[in-house]
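Student: Prediction below, plus the sequence it came from.
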Amino acid sequence: MNQQASQPAGKVDMRQAMPLTAAQVADWRVRFGAQHVNACIKAAMAGERNKFYAIEAGHFLGTPFDWTVDGAVAVSMSLLTGAPFIAGVIDPKGVVDLCIKEGAEHGAH
């Protein structure tokens, strides 16, 4: 059971491991500006809440949002029903832009 990871920690290419997240981040960069999105990701990676968070294929990036009850239910139900991807970023107006891909949308049956 003591098996070494195929890649050392910190060496995982997250764009490859989380392609749906990478595509969503690219879309946000176009919509909200790369400087804004990059700053949100950097802040979230440093532990700041309510900036950026993503879940995909067992990987987590960023720091969770302080979800409203409705947001928490949407995220929880999506995870429970097999959504392969959930990501959120705070837009320049201070509103969470949440993207959830449902299982069927990603080709799951």
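Tutor: Sure, I can see it.
Student: Where is the longest helix in the chain?
Tutor: helix 19-32 (DSSP state H).
Student: Could you list every helix and strand in contact with the helix or strand that that one is followed by?
Tutor: Per DSSP states H and E, the first helix or strand lying C-terminal to helix 19-32 is helix 34-45. Helices and strands touching helix 34-45, by 3 or more CB pairs under 8 Å, 6 or more residues apart in numbering; DSSP states H and E, are helix 19-32, strand 52-56, strand 59-62, strand 85-90. To be clear about C-beta, it is placed using only N, CA and C from the backbone, and glycine gets the same treatment.
Student: Which of those sits closest to residue 102?
Tutor: When these are compared by CB to CB, strand 85-90 sits nearest residue 102, at 9.2 Å.
Student: what are the pairing partners of the helix or strand that comes right after that closest one, and which direction each?
Tutor: As assigned by DSSP H and E, the chain's next helix or strand after strand 85-90 is strand 96-101. Counting by DSSP bridges, the strands paired with strand 96-101 are strand 85-90 (antiparallel).
Student: Extract the CA atoms of the strand it pairs with and return them as PDB.
Tutor: The C-alpha coordinates for strand 85-90 follow below in PDB (Å, rounded to 0.1, in the frame of the first residue of the first chain):
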ATOM      1  CA  PHE A  85     -16.800  20.200 -12.600                       C
ATOM      2  CA  ILE A  86     -17.800  23.100 -10.400                       C
ATOM      3  CA  ALA A  87     -16.000  26.500 -10.500                       C
ATOM      4  CA  GLY A  88     -16.600  30.000  -9.300                       C
ATOM      5  CA  VAL A  89     -14.900  33.300  -9.500                       C
ATOM      6  CA  ILE A  90     -15.900  36.700  -8.200                       C
END
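Student: and residue 58, what are its phi and psi?
Tutor: phi 80, psi 0 (degrees, to the nearest 10).
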